[in-house]
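# Below are the sequence and a predicted model; questions follow.
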Protein chains: 2
Amino acid sequence: MLQPVTPEFIATLTETLGEDILRPADALYLEEPRKRIAGHAGAVVAPRNTQEVSDVLKLCSEYLIGVIPFGGGTGLVGGQIMAADQGPAPLILSLERMNTMRAIYPSENVLVAEAGMTLASIQEEAEKESRLFPLSLASEGSCRIGGNLATNAGGVNVLRYGNTRDLCLGVEAVLADGSVLNNLSRLRKDNTGYDVKNLLIGSEGTLGVITAASLRLSPRPARVGTAVLVVRDPAAALELLGIARDLSGDGVSAFELLSGTGVGFVRDTLPEIHQPFADVPEWSVLVEFGLPAALDPEALLEQLFVQGAEAGLVSDGVIAQSLAQRNQLWSLREHIPAANKKVGAIVSHDISLPLSALAEFIPHGMAKIAEIAPVRVNCFGHLGDGNLHYNVFPPVGETREAWAHVRDDIERLVHDLVHDYGGSFSAEHGIGRMKANELIRYADPTRYRVMKQMKAALDPLGILNPGAVLT
Amino acid sequence: MLQPVTPEFIATLTETLGEDILRPADALYLEEPRKRIAGHAGAVVAPRNTQEVSDVLKLCSEYLIGVIPFGGGTGLVGGQIMAADQGPAPLILSLERMNTMRAIYPSENVLVAEAGMTLASIQEEAEKESRLFPLSLASEGSCRIGGNLATNAGGVNVLRYGNTRDLCLGVEAVLADGSVLNNLSRLRKDNTGYDVKNLLIGSEGTLGVITAASLRLSPRPARVGTAVLVVRDPAAALELLGIARDLSGDGVSAFELLSGTGVGFVRDTLPEIHQPFADVPEWSVLVEFGLPAALDPEALLEQLFVQGAEAGLVSDGVIAQSLAQRNQLWSLREHIPAANKKVGAIVSHDISLPLSALAEFIPHGMAKIAEIAPVRVNCFGHLGDGNLHYNVFPPVGETREAWAHVRDDIERLVHDLVHDYGGSFSAEHGIGRMKANELIRYADPTRYRVMKQMKAALDPLGILNPGAVLT
């Protein structure tokens, strides 16, 4: 049975690690981005190095204190926050002070980062050496790489470069009993036993605390080109992706679907954001090529437009002619979440589907939802990965509060339908505490049992992020 | 304590599954490619489907019989074979009858294969749909995908497409107690809990028996170009790789280092194999580009040659002008293992190093080995992955038997040196039984302990591939 943080525990902690190990338990640690949960905590600590993380976990094991590993606090499923009714006041273990780049090896395309480095600072360090760290997502200014690894974060470049998992060559981590796993490999190939690294990645801090990682960089593409093309429908968008890949080899670095609903939300709530077309198109895609010097991205995008038009897939388009125009097109895509927030979603879904089921799923889901309520769906996201944000909004002029009663029914409908199509109810956000029951409902029972066995083996006292992933 | 296969066990087995489940225990199952181990087995079974695999494992759990999952039998570290002094006569569980392609989804770039499909047959099925399954290695005609997954096989296209692990989207597997894990996902993104799939991949049949997998295909490159270029030394080869990448984007699909020793072995023992140069060069590289239609591979290879020559990296080269010439160049690379066999290695190493340590390691290792004995080193392999086959041969005209006494000293020297450089003593072959003691010596102790915990949790009776990976 876990215990709450007590004054006695704090006294022992500060005796060992100094008063300075504590941080004020301010809002940053007790709120989550969508403000759906009010967190509680007995204390917040911020260790300066791996040894101090180990010392903290040893003490927590001794006192049976629950520990929430904390990165940038940007998670959307409550993995970094515990409500008062979810367990005794935990210790929040923030990695914010471990924010040093330990090393960079440009000729190897490797960077070794401590867990507390923000994603943006890693991108910058890579850029200084003319390298690319391709992980890119909306919260990159504040999220930390330890959290990205713990949640196997996705983002806009997964299509070409993979999820965070694929960008990690090795980890250093502290296990529940305080023992340190030293596995900061820089190797591309290493078949010496079980894949412990990938077990920690995506475990949301429930199997260990990642303290550092060796990350895979890429050469920066010599030339980049961006366009927004108006497509007939999502099926046409997928066909167009096939053409884009054939034209560019593996050069498609982003392929984002935009719905008229989402682009309309931006137009209505954020009028300062440039709109590429006079009328909001029902469906469009943002395509980006990252290419070697011998290929001309504008020429390829034009070819894509022409071939797409000839095949009846594309009806209009804007190809960026400058960096400023490129940023304008991206700005439209990147402001969709902000516009969503202004409109106020009844319920949001982070789903993925087999690519060949996508085009059928999108209207099928919308039709089924319409049977429940006359709501609007903003379906957008990482089409090339089969990953859609399928978010549901109240009718024009109404509030989400007025439609809160349909929330659970719609969520169940969408998740059941996704499951029927062989998809996932959590493509990139993870499980956290908010989706732990969905995991029980949808996971293969043998797989769920194996997960519980892993947890019991690595954290027998259950102190690591209690209640997250597994209930 | 495990028990040997007994007549009573066989009777129960055949009663449940029919006489036909048995296969004759012929040499295929009891020899390994280098013939270093003579295997023993109580019986060989070949289930027809996943349910039968489950039935077999349930029975083995009941009777405490060790089970060796068996693919194509091409493993080089004894993972598929047990000597008589290594444990009671095990049951060999061959996946050879489960060799059906369950489905292919060309538009998704996904193929679902049963574990017993040979790698070559998967490549062929992909090609029929104009897709590429990029895993490619010397034994592809006989190795089976279940074994490739169990050992996380590498090969010549890892640089661009990754190891087997990176080509697998989901698995179906049977655990030690007979329970079936249904995780044949076709999704690119799925963050619903721990990464059980990657725990099974690379576990060499010690945590579960993979029965099917959904595999990631790629579009076939529109144009392919191949060259062998003579380089100054391995450091020059690595610099050249950087240029090749800049020229082609991510278009370098193979970058293989060839040593004069290895090419000389081919010339001396396989005179029918075409030699691209009049004199055997001390170091050369085989470069392959796979490119979109808009890029000309011959032109890029010429540019690579010119830039390499200007930088003092490259002194000569042959660029294939036809498919026949391309095959000739590959034939040289692919016959090095056969030539090695004819010469007879004292000891072989399958090592990987951080890329920036490679150029220093190669001569450093050779100098240290020379202090032990006047032997020859054939260093060749997947340079772009940092993976070298660093094989040691007797002096000209002498036999490996005459130098068998230096075998252990050289192996220890090489593995210690690799470890000092932050490398791996098993880059792509795995641990099997032959390297289980090396794993104890070199693995991070916490990581090794976690591996034992995983094994205890998933296979508490220890029936799965006993003695492999963990002793």
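Noted; the coordinates are in hand. Residues are numbered from 1 along each chain as shown, chains lettered A, B, ... in the order given.
# now the helix or strand containing residue A:306: mean pLDDT?
If you go by DSSP states H and E, residue A:306 is part of helix A:297-310. For helix A:297-310, the mean pLDDT works out to 97.
# what kind of secondary structure is residue A:244 in?
Three-state call for residue A:244 (DSSP: H, G, I helix; E, B strand; the rest coil): helix.
# what bridges to the closest residue to it other than its chain neighbours?
Counting by Cβ to Cβ, 6 or more residues apart in numbering or on different chains, residue A:244 lies nearest to residue A:252, which is 4.9 Å off, once chain neighbours are set aside. For the C-beta atoms, the positions are set from N, CA and C on the backbone; glycine is no exception. Beta-bridge partners recorded for residue A:252 (DSSP bridges): residue A:289.
# picking that back up, list the buried ones in the helix holding residue A:306?
Residues A:297, A:300-301, A:303-305, A:307-308 are the ones in helix A:297-310 that count as buried (16 or more other Cβ atoms under 10 Å in any protein chain shown).
# Can I get those residues in TSV including distance to chain B?
Shown next, in TSV, are the buried residues of helix A:297-310 (distance: Cβ to the nearest Cβ, whole Å):
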residue	distance to chain B
A:297	11
A:300	7
A:301	12
A:303	8
A:304	11
A:305	15
A:307	12
A:308	16
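# any idea how far residue A:284 is from the residue nearest to residue A:244?
Using Cβ to Cβ, to the nearest Å, we find residue A:252 at a distance of 16 Å from residue A:284.
# quick one, which of those two is more surrounded?
Comparing residue A:252 with residue A:284 by neighbour count (other Cβ atoms under 10 Å in any protein chain shown), the higher total belongs to residue A:284, at 30 against 20.
# Show the contacting residues for the more buried one.
A:228-231, A:257-258, A:263, A:277 (Cβ atoms under 8 Å, 6 or more residues apart in numbering or on different chains).
# Strands - which of those residues land there?
Using DSSP state E, the subset of the contacts of residue A:284 located in strands is A:228-231, A:257-258.
# Would you check which of those are in contact with chain B?
Among the ones in strands among the contacts of residue A:284, no residue sits close to chain B (Cβ under 8 Å from any Cβ of the partner chain).
# which two in the residues you listed are spaced the farthest apart?
The most widely separated members of these, counting by Cβ to Cβ, are A:230 and A:257 (11.9 Å).
# Need the overlap of contacts for these two.
Counting by Cβ under 8 Å, 6+ apart, the residues touching both residue A:230 and residue A:257 are A:283-284.
# and residue A:191, how far is that from residue B:351?
As judged by Cβ to Cβ, residue A:191 and residue B:351 stand 11 Å apart.
# Now the common contact residues for these two.
Joint contacts of residue A:191 and residue B:351 (Cβ under 8 Å, 6+ apart) are B:424, B:426-427.
# any chance you could map the helices in the stretch 201-350 of chain A?
Ranges of helices in the stretch 201-350 of chain A, per DSSP state H, counting those that start in this stretch, are A:234-248, A:260-269, A:297-310, A:323-334, A:336-343.
# ok, now the stretch 51-200 of chain A?
Taking DSSP H, counting those that start in this stretch as the criterion, the stretch 51-200 of chain A carries its helices at A:119-128, A:145-150, A:158-161, A:196-200.
# Go through the ones you listed and pick out the most buried.
helix A:145-150 (a mean of 31; mean count of other Cβ atoms under 10 Å in any protein chain shown).
# Centre of the chain to that helix, how far?
Mean-position distance between helix A:145-150 and its chain equals 9 Å (Cα atoms, centre = their mean, to the nearest Å).
# how about the residues of the stretch 251-400 of chain A near chain B?
By the rule Cβ under 8 Å from any Cβ, the part of the stretch 251-400 of chain A lying against chain B is A:251, A:290-295, A:300, A:352-356, A:382, A:385-387.
# In strands, which of those residues appear?
Going by DSSP E, the strands hold A:290-291, A:352, A:382, A:387 from these.
# Next one: residue A:48 from residue A:211, what distance?
Counting by Cβ to Cβ, the gap from residue A:48 to residue A:211 is 11 Å.
# on that earlier part again, next, format the ones in strands among the contacts of residue A:284 as JSON lines and append neighbour count.
Listed next are the ones in strands among the contacts of residue A:284 as JSON lines, based on neighbours: other Cβ atoms under 10 Å in any protein chain shown:
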{"residue": "A:228", "neighbour count": "26"}
{"residue": "A:229", "neighbour count": "27"}
{"residue": "A:230", "neighbour count": "24"}
{"residue": "A:231", "neighbour count": "26"}
{"residue": "A:257", "neighbour count": "26"}
{"residue": "A:258", "neighbour count": "28"}
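# since we're on residue A:64, how many residues are nearby?
15.
# In terms of pLDDT, where does it sit?
pLDDT, residue A:64: 98.
# just residue A:35 next, same as before
pLDDT for residue A:35: 86.
# in a strand, that's where it is, yeah?
No. Looking at residue A:35 with three-state DSSP, it is coil, so not inside a strand.
# Run a quick neighbour tally on it.
Residues lying near residue A:35 (other Cβ under 10 Å) number 7.
# What separation do you get for it and residue A:27?
10 Å.
# Overlap of the contact sets of those two?
Joint contacts of residue A:35 and residue A:27 (Cβ under 8 Å, 6+ apart) do not exist.
# ok, back up a step: okay, the buried residues of helix A:297-310 in JSON lines with distance to residue A:79 next?
As requested, the buried residues of helix A:297-310 are exported to JSON lines (distance: Cβ to Cβ, whole Å):
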{"residue": "A:297", "distance to residue A:79": "38"}
{"residue": "A:300", "distance to residue A:79": "40"}
{"residue": "A:301", "distance to residue A:79": "39"}
{"residue": "A:303", "distance to residue A:79": "43"}
{"residue": "A:304", "distance to residue A:79": "39"}
{"residue": "A:305", "distance to residue A:79": "41"}
{"residue": "A:307", "distance to residue A:79": "43"}
{"residue": "A:308", "distance to residue A:79": "40"}
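# So residue A:203 is in contact with residue A:150, correct?
Yes. Judged on Cβ atoms under 8 Å, residue A:203 makes contact with residue A:150 at a distance of 6.8 Å.
# Contacts only, for the residue sitting nearest the centre point of chain A.
In chain A, the centroid-proximal residue (Cα atoms, centre = their mean) is residue A:153; its distance is 3.6 Å. Residues near residue A:153 by Cβ under 8 Å, 6+ apart: A:135, A:137, A:143, A:147, A:163-164, A:428.
# let's see it at 6 Å
residue A:164 (Cβ atoms under 6 Å, 6 or more residues apart in numbering or on different chains).
# now swap in residue A:274 and tell me
Contacts for residue A:274 (Cβ under 6 Å, 6+ apart) come out as residue A:328.
# Would you list the phi and psi of it?
phi -60, psi 130 (degrees, to the nearest 10).
# That one and residue A:263: what is the separation?
Distance, residue A:274 to residue A:263, using Cβ to Cβ: 11 Å.
# Ok, residue A:394 next?
18 Å.
# which of those two has more neighbours?
Taking other Cβ under 10 Å, residue A:394 and residue A:263 do not tie; residue A:263 has more neighbours (27 against 21).
# Next to chain B, which bits of the stretch 101-250 of chain A? Give me the list.
Neighbours of chain B within the stretch 101-250 of chain A, by Cβ under 6 Å from any Cβ of the partner chain: A:105, A:107-108, A:152, A:154, A:179, A:181-183, A:186-196, A:198-199, A:202-203, A:219, A:245, A:248-250.
# sorry, back to before: okay if I get the helices of the stretch 201-350 of chain A as a markdown table plus distance to residue B:269?
Listed next are these as a markdown table, based on distance: least, Cβ to Cβ, whole Å:
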| stretch | distance to residue B:269 |
| --- | --- |
| helix A:234-248 | 43 |
| helix A:260-269 | 65 |
| helix A:297-310 | 48 |
| helix A:323-334 | 57 |
| helix A:336-343 | 64 |
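# who wins for proximity to residue A:435 among these?
Nearest to residue A:435 among the helices of the stretch 201-350 of chain A is helix A:336-343 (18.8 Å), distances taken as Cβ to Cβ.
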